Structure formats: C-alpha cells, structure tokens
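Student: need a 3D model of the following:
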Amino acid sequence: MLKPVSKLLYAHQVDMGGIPIRQPLPSAQVEMIDPFLLIHHHASEVKPDTAPLHAGVGPHPHRGFSPVTFIYEGDVNHRDSRGNNAIVSKGGVQWMNAGMGIIHSERPSPELAKNGGKQEIIQLWINTPAANKMDQPAYFSLNHSDIPKLNSRGVEIDIVAGEYKGVKGFDQTFSKMLILNIRMEKDAEVEIEVPETFNTCLYNFDSNIFDDGFGIIEPKYLVLYKNEGNKIRIKASDKTRILFLSGEPLNEAVVSYGPFVLNNETQIMQAMRDYQMGKMGMLIEE
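Tutor: Prediction:
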C-alpha cells in the first residue's frame, strides 16, 4: 500500500545570523517529525579571496542531538573542541553526535575560500534518545566515496544511514532510521519501502516530481507522509535531487533552547551552565 501524503511544507527563506537559509522544518504547521528536528537548506556563492574565518558558521555549542551536514556543492571544514578537523567535499556527509556537549565550527575550506565557488548544504538535526544524551561526543566524516550506492535506470541512491535493499549505510545512529540521498534523471522512477510506523518525509530540490499516491510536488517542498502504508513511488519530471528521511519515533519529551535539545528545562539550564563553565571544551580557530 502506498503511503498517503499528510502535509506539504514549503521551505521559506529565513535569516540565520546573517546567513540566508531555507527552513521547511520546523514550520508553523509542524514542530518536528520525530526523531527529525530541523532541516536547513543553504546555497550561496563563496567569493574569491574570502577570509575563511569570516565565512560559514563560527564556534558554537551543541548538546543532546546529532547535527548532520550534507554537502551538495563545494565543501565544509569542520573543527571541534574534541580536536577533530576535517574537510568533506561534494557528495559527502559530516555526522556529529553531540552527546554531553561539544563546540564546533563549519566553514568553507581554505581552498574554497581562496578560489571561490558554489556551496550548497543541508543541515539536519536528529534527536538523541534520553538514555544517550550525555554520551561522549563523536564525529564522523563520510566522503562521497565512503557512502554505499545503488544505481538503476536513471536513479543513483546514496545509502547514508540505515539499510536499503540489503545495502547498509552509516550505523552509528541511536535509533532506527533510513536516510537516502537520491539523484534522478528525467522520467526516472524510484520506489522506497519503509516500516509503516516510521515517520517519513522527503525534501525535493530542483524539479517537479510525481508521487503516485498524491500527485505533483514542486521543488523546495518537504513532503510529510502519514503513518499508513509502507511504499512511496516517485517519478521525476526532470533532473532532480531528493533527501529522503524515515525514522522510528522516540516518543520522548523534547525541550530545546538554541543549540541544546534535551528533555526538560532543568537539563537546559544545566547545559547553559556547563557551556559557560567550559565543560564542553574550547575551540580556537587558527
């Protein structure tokens, strides 16, 4: 049975500290798609001879969830207070389990800043179960060549996390999920099967797609499906990209404040104190 569409959420443009981004989630209609908390889509042109430390997002803390960055154009230089320093380019993914707390920055690489070029990313926030929110932080850089792929009739799929058609992706997640980066040629079709109980959505980038259970879906829309049926069938009217997300809901209380996502207000206050006292480490960029 095909999964019916519940809502279409447009990715309105908003300002995030001077950086223009499109934000389909959270929205006025939907606060979260458990365990997925936030989706930010950013595309810009890095001007040549840009000072790297004056671009991107500077040092900031996180606790209690996983910020995951998908790089579609250009690259991202990740640095954090645990000593990680990695550059991931087009097609790659930066996955960070913030755990008890970490400070990181995400900027264009020195090479991209010097030469200039396109940069396009999506940042996805994935909630961490209460039992793991105070785990030690961990960072993983997944280059495009590291991510398992499937190709079939004009469709190329990166299995970023979870398992799809017997192919396993990244497995350091705290709950069951399936995350796919899909590239489709004109008139290509794809069918994806997921558990009925998983919360499921997809973000369409470039051209109209046709959902067999709904109809036409325009670019820059996040499609939220109902928890009914177990298949999604999509056809591309022209070349496009899709980020597909499906996950088992945690069904836990969520209290967020800025870069912290926890289960109650007392934990938020503790996170703020811990950050101010330096318990999440220090990041000095050079």
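Student: which ones are touching Glu218?
Tutor: Going by CB atoms under 8 Å, 6 or more residues apart in numbering, Glu218 touches Asn204, Asn208. All C-beta atoms are positioned from the backbone trio N, CA, C, and that covers glycine.
Student: relative to Asn115, how far out is it?
Tutor: Separation of Glu218 from Asn115 (CB to CB, to the nearest Å): 34 Å.
Student: now swap in Leu8 and tell me
Tutor: When distance is defined by CB to CB, Leu8 is 38 Å away from Asn115.
Student: show me what contacts the residue nearest to Ser237 when sequence neighbours are not counted?
Tutor: Of all residues not flanking Ser237 in the chain, Asn208 sits nearest, at 4.4 Å (CB to CB, 6 or more residues apart in numbering). The neighbourhood of Asn208, defined by CB under 8 Å, 6+ apart, consists of Ile216, Ile217, Glu218, Pro219, Ala236, Ser237, Asp238, Thr240.
Student: can you lay out the residues you listed as JSON lines showing distance to Val57, pLDDT and secondary structure?
Tutor: Below are those laid out as JSON lines (distance: CB to CB, whole Å; pLDDT from 0 to 100; DSSP: H, G, I helix; E, B strand; the rest coil):
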{"residue": "Ile216", "distance to Val57": "35", "pLDDT": "98", "secondary structure": "strand"}
{"residue": "Ile217", "distance to Val57": "30", "pLDDT": "98", "secondary structure": "strand"}
{"residue": "Glu218", "distance to Val57": "29", "pLDDT": "98", "secondary structure": "coil"}
{"residue": "Pro219", "distance to Val57": "25", "pLDDT": "98", "secondary structure": "coil"}
{"residue": "Ala236", "distance to Val57": "32", "pLDDT": "98", "secondary structure": "strand"}
{"residue": "Ser237", "distance to Val57": "34", "pLDDT": "96", "secondary structure": "coil"}
{"residue": "Asp238", "distance to Val57": "32", "pLDDT": "98", "secondary structure": "coil"}
{"residue": "Thr240", "distance to Val57": "27", "pLDDT": "98", "secondary structure": "strand"}
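Student: and these, which are buried?
Tutor: Neighbour-count burial (16 or more other CB atoms under 10 Å) is assigned, among the contacts of Asn208, to Ile217, Ala236, Thr240.
Student: show the contacting residues for the nearest residue to the second one once chain neighbours are set aside.
Tutor: Spelled out, it's Ala236. Distances taken as CB to CB, 6+ apart place Met184 nearest to Ala236, at 3.9 Å, with adjacent residues excluded. Met184 makes contact with Gly154, Val155, Val190, Ile209, Ile234, Ala236, Lys239, Thr240, Arg241, Ile242 under the criterion CB under 8 Å, 6+ apart.
Student: keep only those of the residues you listed that are in strands.
Tutor: Val155, Val190, Ile209, Ile234, Ala236, Thr240, Arg241, Ile242 (DSSP state E).
Student: mind checking pLDDT for Gly17?
Tutor: Per-residue pLDDT puts Gly17 at 80.
Student: gap between it and Met277?
Tutor: Gly17 sits 24 Å away from Met277, going by CB to CB.
Student: for Gly215, same thing?
Tutor: 54 Å.
Student: which among the contacts of Asn208 gets closest to Pro129?
Tutor: Ile217 (31.4 Å; CB to CB).
Student: coming back round to it: show me what the residue nearest to Ala236 is bridged to.
Tutor: Legend: beta-bridge partners of Met184 under DSSP bridges are Val155, Thr240.
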